[in-house]
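Undergrad: model this:
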Amino acid sequence: MLTELVKRLFIVQYTHKSVVLRVLSSCLIALFFSGCEPNSNKNTTPFKADPGLCDFQIGACTKSVGATDLALSISPWNTPSEKTLSLNLTSSQTLENVKVRIEGRDMFMGIIPVNLTEIGKNSYQAPLIYGSCSSGYMVWQAIVSFEVNGVEKFTIFEFLADSDKSH
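TA: Numbers count the residues shown, from 1 in each chain. Below you'll find the model as predicted:
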């Protein structure tokens, strides 16, 4: 269908020699050729993941903020995009006003609030879902903020989406 449209545009442009039609046909041709390239190499080339990222296959990712130790885990461990995940956060001490949000580290993918539910003493859980990235290498940040004795603190956990594609 698009090929027929381009052919008709050429005929009309050649017949009428219109500048507007010439510009329009050039834009359509550029769009046609840019969209027709097969994306055969998407996610087929393995890559080396940043060693500083959380590896949930090994276990929970831990951070210390002052005297507070936090552990974050996400299941399934390979953190697939566009699937419902389970985020778990545990703390070595009682926290107040605990909040988590997810953001892209290297590109803006929106701000995803995480609605935590306290499931035990110093233990929180929440469902999580985020979109996919066409680059095949998307690092997300779980930004955890909380208060201890009225003092606000925060830390950042970084992890790779679709991490089973890395080596």
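
Undergrad: where's Phe154 relative to Glu147, distance?
TA: With distances taken as CB to CB, to the nearest Å, Phe154 is found 10 Å from Glu147. Where C-beta positions appear, they are placed from N, C-alpha and C, glycine not excepted.

Undergrad: Specify which residue of the two has the higher count of neighbours.
TA: Between Phe154 and Glu147, counted using other CB atoms under 10 Å, the more crowded position is Glu147 (13 against 10).

Undergrad: hang on, isn't the more buried one packed against Lys153?
TA: Yes. Contact criterion CB atoms under 8 Å: Glu147 and Lys153 qualify, at 7.2 Å.

Undergrad: Please parse the protein into its domains.
TA: The chain is divided into the following domains under automatic domain parsing: 2-35, 61-165.

Undergrad: Distance to Asp55 for those domains - can I get that in JSON lines?
TA: JSON lines is the format used below for those (distance: least, CB to CB, whole Å):
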{"stretch": "domain 2-35", "distance to Asp55": "37"}
{"stretch": "domain 61-165", "distance to Asp55": "7"}
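
Undergrad: ranking those by burial, who's on top?
TA: Ranked by mean neighbour count, those are led by domain 61-165 with a mean of 15 (mean count of other CB atoms under 10 Å).

Undergrad: where exactly do the helices run in this protein?
TA: In the chain, the segments counted as helices under DSSP state H are 2-16, 19-35.

Undergrad: Could you tell me the least trusted of those helices?
TA: If you rank the helices of the chain by mean pLDDT, helix 19-35 sits at the bottom with a mean of 49.

Undergrad: Leaving out chain neighbours, which residue sits closest to Ser64?
TA: Leu70 (7.5 Å; CB to CB, 6 or more residues apart in numbering).

Undergrad: repeat for Gly52
TA: Computed as CB to CB, 6+ apart, the closest residue to Gly52 that is not its neighbour in sequence is Glu158, at 6.9 Å.
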